[in-house]
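Enquirer: turn this into a structure:
(chains A and B)
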Amino acid sequence: MLNFMENIKELPLADWVSIFTAWISDSFAFLFDPIKNEFGDGLEEFADLLAAVPPVIVIIIVAVLAFFLSGKRFGLAAFSIVGLLLVWNQGLWEELMLSFSLVLVASLLSVVIGVPIGILMSKSKTAESIITPVLDFMQTMPAFVYLIPAVAFFSIGMVPGIFASLIFATPPTVRFTNLGIRQVSDELVEAAEAFGSTGAQKLFKVELPMAKATIMAGINQTVMLALSMVVIASMIGAPGLGREVLSALQRADVGTGFVAGLGIVILAIIIDRFTQSFSTKKA
Amino acid sequence: MPVIKVEGLSKVFGKNVKQALKLLEQGKTKDEVLKQTGSTVGVNRASFEVEAGEIFVIMGLSGSGKSTLVRLLNRLIDPTEGHVFVDGEDLAAMNKKDLLRVRRTKMSMVFQKFALFPFRSILENAEYGLEVQGMAKEERSKKARTSLEMVGLGNYMEQYPSQLSGGMQQRVGLARALANDPEVLLMDEAFSALDPLIRKEMQDELLILQESMKKTIIFITHDLDEALRIGDKIALMKDGSIVQIGSPEEILMNPANDYVEKFVEDVDRSKVLTAFNIMKRPETVNIDKHGPRVALERMQKEGISSIYVTDSTRNLKGYVTADDAVIALRSDVKSLAGILKTDAPTVAKDTLMNAIFEISYNSPVPIPVVEDGKLLGIIVRGAVIAALAGSVEVNLTHA
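Expert: Coordinates of the predicted model:
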């Protein structure tokens, strides 16, 4: 009785997933190939463009933005200058720009996809009950797992990296958008309706502005998760600071690994403070 | 024709709606329906009419269904059954497009917790209703300004709601509702969140505004004093049903049942009853026809020591006392003019009783109630005290 499992055949779950992934990869090649090629080329050009801007100019722009976004205080600006100069000094500037463009594009896509889904969730109980478990799945599945189909669909490089980080990083934006809109007080929603707002007017004139701070907090989370994917995505050939960390790991080179890792930390802190300043401003 | 006509309006929350409605029809109460069907009755077959320019107060304790009822009127909540006619159009059966039109042009709402948009300036808040209609920026801003000035907030246009006190925030709420120039104003516990002094101030202000704007106002409150102060008509609700509709005096003097009676028990009657309610028909003599003899005879017959004197068209001339009449008779004076006294303080018919009380205390004679110089009636001191004690029949129909 205790060994009843022995009599049951093992479900070929892994095979099914492989077959399914291969099927998607083949069937949607017409979609994936242009993304891989056109979008990939565009990404590289964008990253090259960023890398081509003289570091001094980038540092000045970041410092000035930091000064104003942090409410005309010098802390963040000073940190940005010192941190970025350090990265430049360590010869990691180009890698920094590559990582930044990966994070930026992945985050932007996450927001573009995540906010509408969050709105849909907030408007429909059915949508919420379907999407919530999917989000749970996306977030709890180890991020490495996404690398495998990413490679199958988009081979290696930046594009699969962005694909994997999209899956991993979008959920917070969706969740927070949903939460932010649901948190808008009933009376405000009633007020919007009582004055004869259409559904769209209610959404854009009342709900989204009210939910803005919450949504921005979600976007902040998304950006941070996308950043955490920088190292993981380097395993499938995404260039940037992550690749330096990975190669240092393979060579057991503590020093180089630490320096590249420090570069990621500096990037993370700057991006985090920047996005946070949007969520806390004028609450 | 009434502006708003509500017919058999019901709202049942939950499942088994049909069964619940059936039970309501059989006269079952809210509790019984809940027990049998698990559905909550919000409003139970409410029917009433509101005339143009009237302040119609819907009052009840929390859970009585008054907030649900007002939301059925502009269909923030969809009714389960019944009709809401606004200018003859049935809102309950209306499609979305028409409903938007009615909400935009005919009805506005003022909310208990103000419901201002915190990210919009005061001016932008007041503009909201016009903005969703698609009105051009310049025009809507002009109208919103006018409306803000009307409630005394002309200097606060660029501020944000969080910078204003509660009373001022509710003025913005009122201005926002008035900016569309609606026929009907729905006010849901509009002053309940304000402290008592500010609340009274806002009530006064609403009444003053109402004199010039003549809107049809549906005012929800749980505060009987407030209802009596501002209502032309009051509907009392309990467990989703309207238990009595009437003028403030009718509610107060002839409570329809124990519930209403309990409700009005603690009301300060002196703030509600007027001179008209407690005056009685006066004995008079006509200065053009009668002399001291007739005056004295009438006083003796009625057992009173003074009598009011009018002319043939009932204009009040003054009063004479029994003592003076006796003296005049002895010295053979034929006219009342010589002994006429004119020092009696007069009151109007809508003077409140708390004001009359003080006057009657200092007056040696009953107080004449006067309108356009004509004598309507008199108030004896005993009547004032009796009415305050709540133990006297009062006049209810307004002349």
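Enquirer: contacts, neighbours, all on C-alpha from now
Expert: Noted.
Enquirer: residue B:322 is in contact with residue B:308, correct?
Expert: No: in this structure residue B:308 lies outside contact range of residue B:322 using CA atoms under 8 Å: 11.2 Å.
Enquirer: those two: who's more crowded?
Expert: residue B:308 (27 against 20; other CA atoms under 10 Å in any protein chain shown).
Enquirer: so what does residue 7 look like in phi/psi?
Expert: Answering for chain A, as no chain was given. Dihedral pair for residue A:7: phi -80, psi -10, per degrees, to the nearest 10.
Enquirer: um, chain B though
Expert: Per degrees, to the nearest 10, the backbone of residue B:7 is at phi -130, psi 120.
Enquirer: show me the contacts for it.
Expert: B:45-48, B:82-84 (CA atoms under 8 Å, 6 or more residues apart in numbering or on different chains).
Enquirer: tell me the secondary structure for the closest residue to it other than its chain neighbours?
Expert: Excluding the flanking residues, the one nearest residue B:7 by CA to CA, 6 or more residues apart in numbering or on different chains is residue B:47, at 4.5 Å. Put simply, residue B:47 is strand when judged by DSSP: H, G, I helix; E, B strand; the rest coil.
Enquirer: who in the stretch 201-350 of chain B is up against chain A?
Expert: Within reach of chain A by CA under 8 Å from any CA of the partner chain, the stretch 201-350 of chain B has no residues at all.
Enquirer: quick one: the helices in the stretch 201-350 of chain B, in order.
Expert: Using DSSP state H, counting those that start in this stretch, the helices of the stretch 201-350 of chain B run over residues B:224-230, B:248-253, B:258-264, B:275-278, B:292-302, B:322-330.
Enquirer: in a markdown table: the ones you listed, plus mean pLDDT.
Expert: What follows is the helices of the stretch 201-350 of chain B, written out as a markdown table (pLDDT from 0 to 100):
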| stretch | mean pLDDT |
| --- | --- |
| helix B:224-230 | 87 |
| helix B:248-253 | 82 |
| helix B:258-264 | 74 |
| helix B:275-278 | 82 |
| helix B:292-302 | 87 |
| helix B:322-330 | 87 |
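Enquirer: out of those, which gets nearest to residue B:124?
Expert: Residue B:124 lies closest, by CA to CA, to one member of these: helix B:224-230, at 29.6 Å.
Enquirer: buried set for that closest one?
Expert: B:224-228, B:230 (16 or more other CA atoms under 10 Å in any protein chain shown).
Enquirer: from these, pick the one nearest residue A:75.
Expert: Closest to residue A:75 out of those is residue B:226 (55.8 Å), distances taken as CA to CA.
Enquirer: contacts only, for the closest residue to the closest one other than its chain neighbours.
Expert: Residue nearest to residue B:226 in three dimensions, not counting chain neighbours: residue B:203, with 7.8 Å by CA to CA, 6+ apart. Going by CA under 8 Å, 6+ apart, residue B:203 touches B:191, B:226, B:229-230.
Enquirer: now stretch A:172-183: buried residues?
Expert: In stretch A:172-183, counting by 16+ other CA under 10 Å, buried: A:172-182.
Enquirer: ok, now stretch B:350-362?
Expert: Of all the residues in stretch B:350-362, those buried under the rule 16+ other CA under 10 Å are B:351-354, B:356, B:359-360.
Enquirer: and the host helix or strand of residue A:96, what other elements does it pack with?
Expert: Here residue A:96, judged by DSSP states H and E, is contained in helix A:93-123. Using 3 or more CA pairs under 8 Å, 6 or more residues apart in numbering or on different chains; DSSP states H and E as the contact test, the elements touching helix A:93-123 are helix A:40-52, helix A:125-140, helix A:158-183, helix A:208-234, helix A:241-250, helix A:254-280.
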